[in-house]
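**Student:** prediction below, plus the sequence it came from.
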Amino acid sequence: MSMQVINPASGEKIKSYQEHTADQASAIIDDVHEAWKSWKQTSFSHRAECMRKAANVLRDEKEKWGKLMTQEMGKLTKDGIAEAEKCAWVCDYYADNAEQFLQREIIETDASKSYASFQPIGIVLAVMPWNFPFWQVMRFAAPALMAGNAGILKHASNVPGCALAIEEIFQKAGFPENIFKTLLISSSEVNDVIANDKVRAVTLTGSTPAGKSVAAKAGEMLKKTVLELGGSDPYVVLADADLENAAEVCVTSRLINGGQSCISAKRFIVESAVKEQFESLVVDKMKAKKMGDPSEESTDLGPMAREDLRDELHKQVCDSVDAGAKCLTGGDIPSEGGAYYPATVLTNVKPGMPAYDEELFGPVASIIEAKDEADAIRIANDSEFGLGAAVFTKDKAKGERIAETELEAGCCFVNTFVKSDPRLPFGGIKDSGYGRELGPYGIKEFVNIKTVYVQ
Ligand code: NAP
């Protein structure tokens, strides 16, 4: 079996990669396990030295990584370059902080000495998505390797070149040859990897159905999981918001990565008093975005990652319109080739429509009218997802209260869009998953919190 890479901007077949057989995958896991036995005994300073070199490789060759992302999944090259830089940041962040995050915690008891120690657990399997093909992997790999674990990556089938490039980056940085390896396998082979005794935990970033499947197998095998799943982030725009800023931020967030981001603004919930004004600002801003060649500096919106994903999104738009939503701009598949979809705005979005109930993973904004603040919060929480959320109001104290105590999500922002940051915990609740990545919490997900008691 082979993995075929198709350039989403042109539909052209670029390259095919031979998949690993079950025997090859099992031999790779054995090698990684061997490498881990020595790696877990290395010092934090040695690991940090390697991790800082990985950051340098990411930065030094960022143009190359950016172009690779464009070729495989259609990301704007300038955004791919920025993604490589952000990966370097997370490597540096954990190189600087892992030792402190994982230092012993002394706990006074009747022992002469007792404490919690954070020890490595072994191989962590990472099942990753294509949308941020470097960032999703590095935000798992940097803390995992710094904690003394080993990594095995099963990346999305449309980005095998990115998967191998990340392995290469760790090699160039001087990590042991087998401490981080890529398995080129399909999703149907993931359960066998989870079942392998040498694999001790699994992290998956991807859709909710994939998360449920991996969690079920990991549960059967009693292996810990972290799940970073889909989202349909609500952006609550209250009547007292700075509407110009709210519209600008909402459009920016909706179009990040062509709308293919788990924490992209997806549902705009607007108080009736300002709905028309907000709608017109959003439509003007969406219309002004230039769609085209992802390698051009001036392009705002490239192609989606695959044609089948574009067609799925279009069906969600059409089904929403058939159910009574109004399309204010966009909504048609362009006649030229490639997986393009225009910046689209739907309004009068109501329960029962895909634009209300489901995740729209592309450049489509759904505007939902709310009677008042309480109604807006009710609608925001009326979702199976709970990843990110934002609220816009000139009353910062009110915004903070809504963000902290009212919105059901893992990351709630006031007057700006939800973004990941190496220093802040990241993750969701409800069908958006569980566990946290990044910050001091992320590195503690895959360690043995060991009690040591000396009489
Ligand atoms: P996906 O189809 O779920 O794929 C994600 C990964 O899971 C891929 O490596 C895929 O492999 C694998 N996979 C799929 N089904 C599987 C199964 N039954 N068992 C084991 N592995 C399986 O998701 P996607 O389309 O690539 O990514 C989009 C989704 O990811 C969206 O829902 C988005 O919101 C979510 N996401 C979440 C976060 C977060 O941090 N919460 C971040 C980014 C994206 P194949 O490619 O071989 O199928």
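**Tutor:** Structure's in. What do you need? This one's a predicted model, so the numbers in the text were calculated from it and none came from an experiment.
**Student:** what strand or helix carries residue 217?
**Tutor:** For residue 217, the host element (DSSP states H and E) is helix 208-220.
**Student:** per-residue pLDDT of residue 118, please?
**Tutor:** Confidence at residue 118, expressed as pLDDT, is 98.
**Student:** tell me, how many neighbours does the residue nearest to residue 403 when sequence neighbours are not counted end up with?
**Tutor:** Leaving out its chain neighbours, the residue that sits closest to residue 403 by CB to CB, 6 or more residues apart in numbering is residue 412, at 3.8 Å. Yep, even glycine has a C-beta here, placed from its N, CA and C like the rest. Residue 412 sits with 23 neighbouring residues when counted by other CB atoms under 10 Å.
**Student:** doesn't residue 412 lie inside a strand?
**Tutor:** Yes. Checked against DSSP: H, G, I helix; E, B strand; the rest coil, residue 412 lies within a strand.
**Student:** let's have the chain start at 45 instead
**Tutor:** Got it, the first residue is 45 from now on, which makes the last one we talked about residue 456.
**Student:** the nearest residue to residue 353 once chain neighbours are set aside: neighbour count?
**Tutor:** Closest residue in space to residue 353, ignoring its immediate chain neighbours: residue 405 at 6.8 Å, by CB to CB, 6+ apart. Residue 405 is flanked by 26 other residues according to other CB under 10 Å.
**Student:** do I have it right that residue 405 meets residue 303?
**Tutor:** Yes. Under the criterion of CB atoms under 8 Å, residue 405 makes contact with residue 303 at 6.8 Å.
**Student:** buried stuff in stretch 475-492?
**Tutor:** For stretch 475-492, a neighbour-count test (16 or more other CB atoms under 10 Å) marks 475-487, 489-491 as buried.
**Student:** actually, stretch 148-161.
**Tutor:** Neighbour counts over stretch 148-161 (16+ other CB under 10 Å) mark residue 159 as buried.
**Student:** follow-up on the earlier one: how far does the helix holding residue 261 sit from its chain's centre?
**Tutor:** Relative to its parent chain, helix 252-264 has a centroid offset of 18 Å by CA atoms, centre = their mean, to the nearest Å.
**Student:** export that helix to CSV, keeping only CA atoms.
**Tutor:** Output in CSV follows, covering the C-alpha atoms of helix 252-264 (Å, rounded to 0.1, in the frame of the first residue of the first chain):
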residue,chain,number,x,y,z
THR,A,252,-14.4,13.4,17.6
PRO,A,253,-15.2,10.0,15.9
ALA,A,254,-11.4,9.3,15.6
GLY,A,255,-11.0,10.3,19.3
LYS,A,256,-13.8,7.9,20.4
SER,A,257,-12.3,5.1,18.4
VAL,A,258,-8.7,5.5,19.8
ALA,A,259,-10.0,6.1,23.3
ALA,A,260,-12.1,2.8,23.2
LYS,A,261,-9.0,0.8,22.2
ALA,A,262,-6.8,2.5,24.6
GLY,A,263,-9.4,1.9,27.4
GLU,A,264,-9.5,-1.8,26.5
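**Student:** what's the next secondary structure element after that helix?
**Tutor:** Along the chain past helix 252-264, the next helix or strand (assigned with DSSP H and E) turns out to be strand 268-272.
**Student:** report the mean confidence score over that next one.
**Tutor:** Averaged across strand 268-272, pLDDT comes to 98.
**Student:** mind listing the strands that strand pairs with, and their directions?
**Tutor:** strand 243-249 (parallel), strand 477-478 (antiparallel) (DSSP bridges).
**Student:** which residue packs closest to residue 415, ignoring adjacent ones?
**Tutor:** residue 316 is the one closest to residue 415 (CB to CB, 6+ apart), at 6.1 Å.
**Student:** list phi and psi for the one you found.
**Tutor:** Dihedral pair for residue 316: phi -50, psi -40, per degrees, to the nearest 10.
**Student:** who are the neighbours in contact with it?
**Tutor:** Neighbouring residues of residue 316 by CB atoms under 8 Å, 6 or more residues apart in numbering: 413-416.
**Student:** near the ligand, which residues of the stretch 195-344 of the chain are found?
**Tutor:** Residues of the stretch 195-344 of the chain lying near the ligand by CB under 6 Å from any ligand atom: 198-201, 230-231, 234, 249-251, 254, 257-258, 272-275, 306.
**Student:** repeat that for 8 Å
**Tutor:** Within the stretch 195-344 of the chain, the positions near the ligand by CB under 8 Å from any ligand atom are 198-202, 229-232, 234-235, 248-255, 257-258, 261, 271-275, 304-307.
**Student:** now the residues you listed: which count as buried?
**Tutor:** 198-202, 229, 234, 248-252, 254-255, 257-258, 261, 271-275, 304-307.
**Student:** and the strands paired with strand 268-272 as a markdown table, adding mean pLDDT and distance to residue 442?
**Tutor:** Output for those, formatted as a markdown table (pLDDT from 0 to 100; distance: least, CB to CB, whole Å):
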| stretch | mean pLDDT | distance to residue 442 |
| --- | --- | --- |
| strand 243-249 | 98 | 33 |
| strand 477-478 | 98 | 29 |
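**Student:** residue 168 is nearest to which of these?
**Tutor:** The closest of those to residue 168 is strand 243-249. By CB to CB, the value is 4.8 Å.
**Student:** how does the chain divide into domains?
**Tutor:** What automatic domain parsing lists as the domains of the chain is 46-273+474-498, 278-458.
**Student:** just to revisit the earlier point, among the contacts of residue 316, which two are most distant?
**Tutor:** 413 and 416 (10.8 Å).
**Student:** list the contacts of the closest residue to residue 244 other than its chain neighbours.
**Tutor:** Excluding its sequence neighbours, the residue lying closest to residue 244 (CB to CB, 6+ apart) is residue 166, at 4.0 Å. Residue 166 makes contact with 77, 80, 84, 193-194, 242-245, according to CB under 8 Å, 6+ apart.
**Student:** same thing but at 7 Å, please
**Tutor:** Neighbouring residues of residue 166 by CB atoms under 7 Å, 6 or more residues apart in numbering: 80, 193-194, 242, 244.
**Student:** who wins for most neighbours among those residues?
**Tutor:** residue 194 (30 neighbours).
**Student:** residues contacting the nearest residue to that residue once chain neighbours are set aside?
**Tutor:** Excluding the flanking residues, the one nearest residue 194 by CB to CB, 6+ apart is residue 80, at 3.9 Å. By CB under 7 Å, 6+ apart, residue 80 lies in contact with 166-167, 194, 223.
**Student:** out of these, which sit inside strands?
**Tutor:** Taking DSSP state E as the definition of strands, the contacts of residue 80 contribute 167, 194.
**Student:** returning to that earlier point: ok, the contacts of residue 166 vs the ligand, which is closest?
**Tutor:** residue 244 (17.4 Å; CB to the nearest ligand atom).
**Student:** wait, that closest one sits on residue 164?
**Tutor:** No. Counting by CB atoms under 7 Å, residue 244 stays clear of residue 164, with 9.2 Å between them.
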